[in-house]
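In: Structure for the following, please:
(chains A, B, C and D)
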2 protein chains.
Amino acid sequence: MNNLFKALNDPTRRQILDLLRGGDLNAGDIAERFDMTKPSISHHLDLLRQAGLVESVKQGQFINYSLNTTVLDELLAWLMSFQKTESPSAEIKTSEPTR
Amino acid sequence: MNNLFKALNDPTRRQILDLLRGGDLNAGDIAERFDMTKPSISHHLDLLRQAGLVESVKQGQFINYSLNTTVLDELLAWLMSFQKTESPSAEIKTSEPTR
DNA sequence: CCATTAATTAGATAGTTGTCTAAATGATTA
DNA sequence: TAATCATTTAGACAACTATCTAATTAATGG
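Out: The predicted structure follows:
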C-alpha cells in the first residue's frame, strides 16, 4: 500500500499510467512523450513496477510496458470504506433517507 | 489532485484519517495517539487540511478536526475509470485482431 | 565482430519532506 | 494580570526524491 501511494504521488507517473490505457508501449515510446530524459523515465517506470501498477516484458531489444490495474482494487476498497463509514454526526443533516 | 496524493502518501496521515472515522478529535487528542511530537502532528494535519481531507474548527482553546471525504470522490472517479478502460488487447489474448 | 540502438545502472546534485526543539500565539482561569 | 494550557510557527537537519550526464548491458544488423 505504501509503494502504491508513493508511485501515484507524481504527475509524470500518473501520466504514464494514463498513457498505457491506450495500449502497451515500450520504454522508448513512453520516454518520447515526455520532456525528460530516458533514464528519468526509466526510473519512474521502475517505481511503477515496484508498486505493481505496470508489468514489463522484454521483447528482443525492446521492453514492453503494460498496465496492471488489479493493484488499484486495494486502493479502491480503502477509498470506498470511507464513503460507507459516514461520520455519525452526518445522520441528522437535512433529511437523508437513512437507507 | 496533486495535494491529495501528496497528503495520502504518508502512513501517519493515513492513520489520522482512519482515526477521524471514529469521530472528530482535537489536535491534542490526535497527537496523543502517536509516538511523535505535537508540532509534527500539527504539520501533518496542515497537509491534510491543504488537501481538503480534514476541516478544522477552533473551539475555545481547542481546535477540532473532522474528516471530509468529499475530496476522495475525485480520486474514486479517477480510479474507477481505470477499471472501465480495460486494455483493448485483453479481449482476445491469443490472436491479435490487428483491427 | 563491430557499430548501432534500446534500455538500465551509477553517481551527482538540487529540491522536498518528516521530524525535532525552541519560541510564539491565543484562550482560560486563579 | 500572571500562570497555564493547546496549538501553531520558525528554524534546523537528516533522509528521500526527481532529475541530469556518463557509463554499462544487451540485442540487432551489416
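In: Wait, A:Arg21 touches B:Phe82, no?
Out: Yes: assessed by CB atoms under 8 Å, A:Arg21 is found in contact with B:Phe82 at 7.1 Å. Every residue, glycine included, has its C-beta placed from N, CA and C.
In: which neighbours do the two share?
Out: Taking CB atoms under 8 Å, 6 or more residues apart in numbering or on different chains as the contact rule, A:Arg21 and B:Phe82 both touch A:Leu67.
In: distance of A:Asn68 from B:Lys84?
Out: 16 Å (CB to CB, to the nearest Å).
In: Between those two, tell me which one has more neighbours.
Out: A:Asn68 (16 against 8; other CB atoms under 10 Å in any protein chain shown).
In: give me every residue that touches that one.
Out: Applying CB under 8 Å, 6+ apart, the residues near A:Asn68 are A:52-55.
In: ok, now with 10 Å
Out: A:Asn68 makes contact with A:20, A:48-49, A:51-55, B:87, according to CB atoms under 10 Å, 6 or more residues apart in numbering or on different chains.
In: closest to DNA strand C among those residues?
Out: Checking these against DNA strand C by CB to the nearest atom of the strand gives A:Arg49 as the nearest, at 8.2 Å.
In: could you pull out the strands for chain A?
Out: Ranges of strands within chain A are A:25-26, A:54-59, A:62-67, based on DSSP state E.
In: Who are the packing partners of the first one?
Out: Using 3 or more CB pairs under 10 Å, 6 or more residues apart in numbering or on different chains; DSSP states H and E as the contact criterion, the secondary-structure elements in contact with strand A:25-26 are helix A:27-32, strand A:54-59, strand A:62-67.
In: Next, see if that strand gets close to DNA strand D.
Out: No: applying CB under 7 Å from any atom of the strand, one finds strand A:25-26 separated from DNA strand D by no less than 12.4 Å.
In: Give me the contacts around that strand.
Out: Residues outside strand A:25-26 that contact it (CB under 10 Å, 6+ apart): A:16, A:19, A:31-33, A:56-59, A:61-67.
In: ditto for stretch A:6-16
Out: With contact meaning CB under 10 Å, 6+ apart, stretch A:6-16 is reached by A:17, A:25, A:30-31, A:33-36, A:40-41, A:43-54, A:65, A:67, A:71-72, A:75, B:1-2, B:4-10, B:75, B:78-79.
In: Drop anything exposed from those.
Out: A:17, A:25, A:30-31, A:41, A:44-45, A:47-49, A:51-54, A:65, A:67, A:71-72, A:75, B:4-10, B:75, B:78-79 (16 or more other CB atoms under 10 Å in any protein chain shown).
In: Since that was my last question, I'll sign off now.
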